[in-house]
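Colleague: Take a look and give me a structure for this.
(one chain, ligands or ions: 1)
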Amino acid sequence: MKTSYELYGAPTGNCIRAAIALEEAGLPYAVRPVDLASGEHRSAAYLALNPAGKVPVLIERQQNVPPVVIAQSNAIILYAAERPPGRLLPDDSLARSVVYERFFFFVTDVIAVSHAAFFLRGAGVPAGQTLLVERMLAALESAERYVSDSAYMAGKTFSIADIAAFTITQSVKSQLPWARLPNLRRWYEQVEARPALARGLKAFDPG
Ligand SMILES: N[C@@H](CCC(=O)N[C@@H](CS)C(=O)NCC(=O)O)C(=O)O
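Modeller: Next up is the predicted model:
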């Protein structure tokens with residue numbers, strides 16, 4: 001049965017990670033741009049899709065069954081990683097646990113902290129923002145150890161842990177002490193060169 005996918009989103013880290021996961025999983029999808037600046041995510045049509053009024057949202061459509069709607073970027077990444085199995089998540093359960101460990105490290109200790117810092121900036125609490133940015137950068141620098149013995153964040157093969165790690169590293173690239181992070185640099189350059197990842201990075205570019 002034919003399955004089609006639509007990814008609603010905007011050029012933000014959460015949406016781009018979801019797009020990278022679909023690209024890396026080899027799932028063809030249509031990009032549905034949502035204009036956050038004009039408040040499209042708060043329109044009645046969009047709220048019918050995601051009552052939280054947030055992007056990204058993935059829709060899976062199959063004939064004769066109601067569409068499946070998945071909000072939450074990390075749920076979309078995990079969804080993509082399960083189809084086809086084995087590409088972004090190892091079959092072996094022990095190896096999979098290591099991937100989850102690293103994936104959630106980046107999601108909770110780096111990305112979430114960065115989002116909280118961004119929120120504090122908007123709320124006019126610069127001292128709090130500075131503290132959280134320092135904390136996030138320290139956590140990210142500590143990932144040097146993950147890539148000191150292996151090519152990727154969670155072992156020999158590319159996984160969802162690398163997807164979680166890449167966009168946030170890219171966004172703070174100019175703030176990292178690269179001279180002290182030779183393995184992280186090698187990892188970054190290797191991941192950056194992946195064609196599927198590069199396509200995901202550009203998924204929401206205008207035009
Ligand atoms: N935890 C959610 C966060 C989604 C989220 O905050 N999306 C932002 C863009 S990255 C958004 O829709 N912002 C618009 C708004 O909150 O008004 C996820 O990972 O998908």
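Colleague: which helix in this structure runs the most residues?
Modeller: helix 126-142 (DSSP state H).
Colleague: Would you mind pulling up the elements that the helix or strand that that one is followed by packs against?
Modeller: Next along the chain after helix 126-142, taking DSSP states H and E as the criterion, comes helix 160-171. Applying 3 or more Cβ pairs under 8 Å, 6 or more residues apart in numbering; DSSP states H and E, one finds that helix 160-171 makes contact with helix 13-25, helix 73-82, helix 93-104, helix 182-192, helix 195-201. All C-beta atoms are positioned from the backbone trio N, CA, C, and that covers glycine.
Colleague: Okay, buried residues for helix 160-171 please.
Modeller: For helix 160-171, the neighbour count (16 or more other Cβ atoms under 10 Å) marks 160-169 as buried.
Colleague: okay, now the domains of this protein?
Modeller: 3-86, 93-194 (automatic domain parsing).
Colleague: Mind pulling the model confidence for the residue in the chain sticking out farthest from the centre?
Modeller: The centre of the chain is farthest from one residue, Asn64, which by Cα atoms, centre = their mean lies 31.0 Å away. Looking at Asn64, its pLDDT stands at 93.
Colleague: which helices and strands sit right next to the longest helix of the chain?
Modeller: Using 3+ Cβ pairs under 8 Å, 6+ apart, the elements in contact with helix 126-142 are helix 112-122.
Colleague: which parts of the helix it packs on are buried?
Modeller: In helix 112-122, counting by 16+ other Cβ under 10 Å, buried: 113-114, 116-117, 120.
Colleague: from the residues you listed, which single one is nearest Pro51?
Modeller: For the buried residues of helix 112-122, the closest approach to Pro51 (Cβ to Cβ) belongs to Ala116, at 23.4 Å.
Colleague: Leu27 is in contact with Tyr79, isn't it?
Modeller: No: Leu27 lies out of contact with Tyr79 (Cβ atoms under 8 Å); the separation is 9.1 Å.
Colleague: Roughly how far does the residue nearest to Ala30 when sequence neighbours are not counted sit from the ligand?
Modeller: Nearest non-adjacent residue to Ala30, counting by Cβ to Cβ, 6 or more residues apart in numbering: Glu6, 4.9 Å away. As judged by Cβ to the nearest ligand atom, to the nearest Å, Glu6 and the ligand stand 16 Å apart.
Colleague: can I assume Glu6 sits in a helix?
Modeller: No: when classified by DSSP: H, G, I helix; E, B strand; the rest coil, Glu6 is found to be strand rather than part of a helix.
Colleague: what about it, how many residues close to it?
Modeller: Glu6: 16 surrounding residues under other Cβ atoms under 10 Å.
Colleague: Show the contacting residues for it.
Modeller: Taking Cβ atoms under 8 Å, 6 or more residues apart in numbering as the criterion, Glu6 is in contact with 29-32, 58-59, 61.
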